[in-house]
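*Asks:* I'd like to go over a predicted model; first the sequence, then the structure.
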Amino acid sequence: MATYTSQYPPAQSGTYVKATTSYANLNPYFATNPAKTLTGPYLYNAWSTALYVITNQRFHIDLGSAKIIRRIYYENIHDSGNYTDKGVKNFTLWGSNSSEAFADLIYEHDTGWTQLPTSKSYFDKHIVADQVDPKYITVTNSTEYRYYAFKFADSYGQVFSAGVRRIELQTEDGYIPVVIPTVTTPAVSDIAPTTATGNGNMTDNGGENASKRGVCWNTTGNPTVAEDKSEETDSFGTGAFTRPMTGLVPDTHYYVKAYAYNSAGYGYGGQVEFDTPPAGVEYEKTLTESLGLVDKVVKAPSVVKAEPLGLLDTYSRTWAAYRVHSEILGLSDTVVKMPALVKTESLGLADTVVATRLLIKVLTELLGLSDTVKKDTSVIKAEALGLVDTLTKGVALPLSEILGLLDTYDRVWSAQRTYTETLGLDDRVSKHVSLHALTEVLGLLDSISYTPNPTILTKLIRKLIQLEDIGGDKED
């Protein structure tokens, strides 16, 4: 249970204790003097107003130095147990550190004073008996003031005067005053054109849990809770917190502060700044084109593209910046990426690709021909009217194919692109960043250089003999 200690003015005199009015031999400083008796006659032992003045009286006390007053001890006026209706009644308590405010005893003048909350707003009447009758009122206060003022509005009804027998201001033993919370403001996160996430961290609650915390912002600097804010209420200790920021304007510079509130007031963190991005950034887009071409584009983080005009391409790309589409006579795409890939397509599809890994190719041909080819780093494939493929491989053996040839490629690459083509040709390609050319029309003529392999050569010779025999039979 809390204990309290009475605090007295440096001297019991009119210098340190004042009132708006007083009666002879009933001076204000008699009521603050602990040496005065609390029983018997009230002359020289209490304060009383001037005759017939019973309302709107100020009673000021100078403690000589600033102190945090937490309780009032009082005994209302009586005269040997009589005249208890002369006791003061409704009041307010104020604190100040201004000597000018202390000297001004006009009831209505509150300049320089701060009103302090109290557990009761009135003094009880003294019991009708010549004995002590101590009463206590607690004060909600965490600020040190040198000067304190009682504003007595009225009394218990005696028409001649009003007064009080004893008033003492008390401090709470061992009390550590509550101060405003200490808060920091980390950088804003999850920034979008109209929303963001504000971040805060209360590192010290100031001696009392915060009842509010949040972030506030504006576009001019030094924001406060009087402006835009996102706030939550509860009982909060120390720790990090986040608050959603909504209703932002795209492409705008903002200033943000985190804050927390306790009975001592608002504590703000430092100011951080951020910019909202422009509006209109699309994260997913579907393109439909009249020339039998459908593009499905996912812009962050990848793009999937499918073309049903005899060619099916599947793209998987990681973008660092932006993409520009320009399409003419079927399709012409210009793609700008980080690091870099430029793709231009126009009814015939020319691609430039550089591959950097081992490539394995399996050829299965309808004319009874099956080849397995193992290739090093790169392939250049060009197809014109009749599909002409040119492949650069390890050594050199030409192979010509006409009509009814189905090639199946299995290629293992280190990066990010896969092709699938349905015009008699199925390619699956995983490629690095750039520079392999592909031109396609109709037909299939491949020139292939093979790594020496007696088994493959034997198979090829046998197939050529079979082809000649078939041709010879037809000529006969």
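*Replies:* Perfect, I can see it now.
*Asks:* Distance of the closest residue to G214 other than its chain neighbours relative to T238?
*Replies:* Nearest non-adjacent residue to G214, counting by CB to CB, 6 or more residues apart in numbering: E231, 3.5 Å away. Heads up, the C-betas are built off the backbone N, CA and C, glycines and all. From E231 across to T238, the span is 18 Å (CB to CB, to the nearest Å).
*Asks:* ditto for N205
*Replies:* 6 Å.
*Asks:* In terms of neighbours, single out the busier of the two.
*Replies:* N205 (23 against 15; other CB atoms under 10 Å).
*Asks:* Need the pLDDT of M1.
*Replies:* On pLDDT, M1 comes in at 87.
*Asks:* what residues are up against it?
*Replies:* Contacts for M1 (CB atoms under 8 Å, 6 or more residues apart in numbering) come out as none.
*Asks:* In the sheet, which residues pair with R213? Tell me.
*Replies:* Here R213 sits in beta bridges with E232, A260, as judged by DSSP bridges.
*Asks:* list the buried ones in stretch 260-277?
*Replies:* For stretch 260-277, the neighbour count (16 or more other CB atoms under 10 Å) marks A260, Y261, N262, S263, A264, Y266, G267, Y268, G269, V272, F274, T276 as buried.
*Asks:* Leaving out sequence neighbours, find the closest residue to the second one.
*Replies:* The reference is to Y261. Closest to Y261 by CB to CB, 6+ apart is K212, at 4.1 Å.
*Asks:* My understanding was that that neighbour contacts K229; is that so?
*Replies:* No: K212 lies out of contact with K229 (CB atoms under 8 Å); the separation is 9.7 Å.
*Asks:* circling back to that earlier point, tell me, how many residues neighbour the residue nearest to G214?
*Replies:* 14.
*Asks:* measure F102 to A279 for me?
*Replies:* F102 is 59 Å from A279, by CB to CB.
*Asks:* Of the two, which one has the most company?
*Replies:* F102 (20 against 11).
*Asks:* what kind of secondary structure is the more buried one in?
*Replies:* helix (DSSP: H, G, I helix; E, B strand; the rest coil).
*Asks:* And it, how close does it get to P117?
*Replies:* From F102 to P117 the distance is 21 Å (CB to CB).
*Asks:* repeat for R71
*Replies:* Counting by CB to CB, the gap from R71 to P117 is 13 Å.
*Asks:* Please name the residues that touch the closest residue to T238 other than its chain neighbours.
*Replies:* Excluding the flanking residues, the one nearest T238 by CB to CB, 6+ apart is M202, at 5.1 Å. When contacts are counted by CB under 8 Å, 6+ apart, M202 touches P181, T182, V183, A210, R213, F236, G237, T238, G239, F241, A260, G267.
*Asks:* Contacts only, for the second one.
*Replies:* Translated: T182. Contacts of T182 by CB under 8 Å, 6+ apart are M202, T203, D204, G206, G267.
*Asks:* swap in the third one?
*Replies:* With contacts defined as CB under 8 Å, 6+ apart, V183 is in contact with G200, N201, M202, T203, R213, A258, Y259, A260, G267, Y268, G269.
*Asks:* if we go to 7 Å?
*Replies:* Contacts for V183 were tallied using CB atoms under 7 Å, 6 or more residues apart in numbering; they are G200, N201, M202, A258, Y259, A260, G267, Y268, G269.
*Asks:* What of the fifth one?
*Replies:* Remark: with contacts taken as CB under 7 Å, 6+ apart, R213 is in contact with G200, M202, E232, F236, F241, Y259, A260.
*Asks:* Check the spacing between the last one and V188 real quick.
*Replies:* Right, A260. For A260, the distance to V188 - CB to CB - is 18 Å.
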